[in-house]
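The following comprises the amino acid sequence and a computationally predicted model.
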Amino acid sequence: MYDAPLRVRLPHYRGRLLVAAVLSCAAVGPILVMLGPILVGLLRDTLHLGCTGQPAAAGETAWVCPDGITYLFPGVLLAAALAGTVFCVATVRIVRSVSGRAPKGEVRRAAARDLAWLGAAPLVLQAPFSVVAGLSDAYSSSALVLGLIVGLANLGPFLTLNRPPLFVTCCAVAAAAGLLVLGRAVLLTPLIAGCVILLLSAIVVGHFGEERARDDRAPASTG
């Protein structure tokens with residue numbers, strides 16, 4: 001259960017998770033800086049992705065391409081994937097290291113709760129703003145529909161906290177909803193990617209906690 005015992009006798013793990021998040025981003029930041037110009041050159045100047053060709057002199061083609069920052073999107077996704085992998089591994093190691101100083105399974109459950117809620121909350125809170133944007137002339141109605149889908153999907157981790165298997169499933173649905181809009185909100189890509197990473201980390205920790213809990217109960221049931 002993810003209930004009252006979480007509030008007592010837990011080691012300090014949140015600070016270590018915050019440090020792990022900062023270090024994960026810092027570790028992949030230079031990768032994005034190095035890959036950025038390469039990706040822009042490859043996608044725009046070599047592959048002409050998203051460009052419009054116009055006939056020019058001597059049988060050549062003149063390409064009109066979007067602004068270069070558009071081509072940084074794949075680099076942002078790559079950096080987010082790397083940072084997410086590093087953070088997930090670090091989170092599992094941190095949870096394992098502090099679990100022995102708390103009631104059985106409580107740190108794992110508390111960490112899964114914290115990660116899921118932190119990742120889901122911004123995606124729930126965006127729903128009213130998406131509705132307003134979808135009703136305005138500046139954005140299409142898809143902003144309203146997608147905003148509501150993402151907002152409703154991310155309510156799951158808050159509503160299923162006391163049902164661990166369903167909680168993990170709801171985290172997966174919430175993460176999938178975040179991925180659904182990742183390419184549509186370019187300016188918010190880092191924020192959405194961070195929320196998805198937190199939700200995926202909650203899935204890893206939550207599933208790990210349930211597997212360990214079943215392993216702990218197995219000898220008692222056979223004895």
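Here it is on my side, so go on.

Provide a list of residues in contact with Leu180.
146, 149-150 (Cβ atoms under 8 Å, 6 or more residues apart in numbering). Any C-beta I mention is one placed from the backbone N, CA and C, and that applies to glycine too.

I'd like those residues laid out as CSV, including secondary structure and pLDDT.
Output for the contacts of Leu180, formatted as CSV (DSSP: H, G, I helix; E, B strand; the rest coil; pLDDT from 0 to 100):
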residue, secondary structure, pLDDT
Leu146, helix, 87
Ile149, helix, 92
Val150, helix, 92
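
Ile197: which of those is nearest?
In terms of Cβ to Cβ, no member of those lies closer to Ile197 than Val150, at 15.6 Å.

My guess is that closest one contacts Gly178. True?
Yes: using Cβ atoms under 8 Å, Val150 makes contact with Gly178 at a distance of 6.5 Å.

Which neighbours do these two have in common?
Both Val150 and Gly178 are contacted by Leu123, under the criterion Cβ under 8 Å, 6+ apart.

Any idea which residue is closest to the centre of the chain?
For the chain, the residue nearest the mean C-alpha position is Val196 (1.5 Å; Cα atoms, centre = their mean).

before we move on, the earlier item: what subset of the contacts of Leu180 is buried?
In the contacts of Leu180, burial by neighbour count holds for 146, 150, counting by 16 or more other Cβ atoms under 10 Å.

show me where the chain has strands.
In the chain, the strands defined using DSSP state E lie at 52-55, 61-64.

most tightly surrounded among those?
Mean neighbour count, computed with mean count of other Cβ atoms under 10 Å, is highest for strand 61-64 among the strands of the chain, reaching a mean of 12.

Can you tell me which helices and strands that one packs against?
strand 52-55 (3 or more Cβ pairs under 8 Å, 6 or more residues apart in numbering; DSSP states H and E).

Would you mind writing the CA trace of the strand it packs on as PDB?
Listed next in PDB are the C-alpha coordinates belonging to strand 52-55 (Å, rounded to 0.1, in the frame of the first residue of the first chain):
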ATOM      1  CA  THR A  52      11.100  23.600 -50.200                       C
ATOM      2  CA  GLY A  53      13.100  23.300 -53.400                       C
ATOM      3  CA  GLN A  54      13.000  26.000 -56.100                       C
ATOM      4  CA  PRO A  55      14.700  25.800 -59.600                       C
END
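
For that strand, the averaged confidence score.
The predicted model assigns strand 52-55 a mean pLDDT of 78.

Nearest to Ser130, out of the strands of the chain?
With Cβ to Cβ, the closest approach to Ser130 among the strands of the chain belongs to strand 52-55: 30.5 Å.

Can you list the strands that the closest one pairs with?
Within its sheet, and counting by DSSP bridges, strand 52-55 is paired with strand 61-64 (antiparallel).

got the contact list for the strand it pairs with?
Applying Cβ under 8 Å, 6+ apart, the contact partners of strand 61-64 are 48, 51-56.
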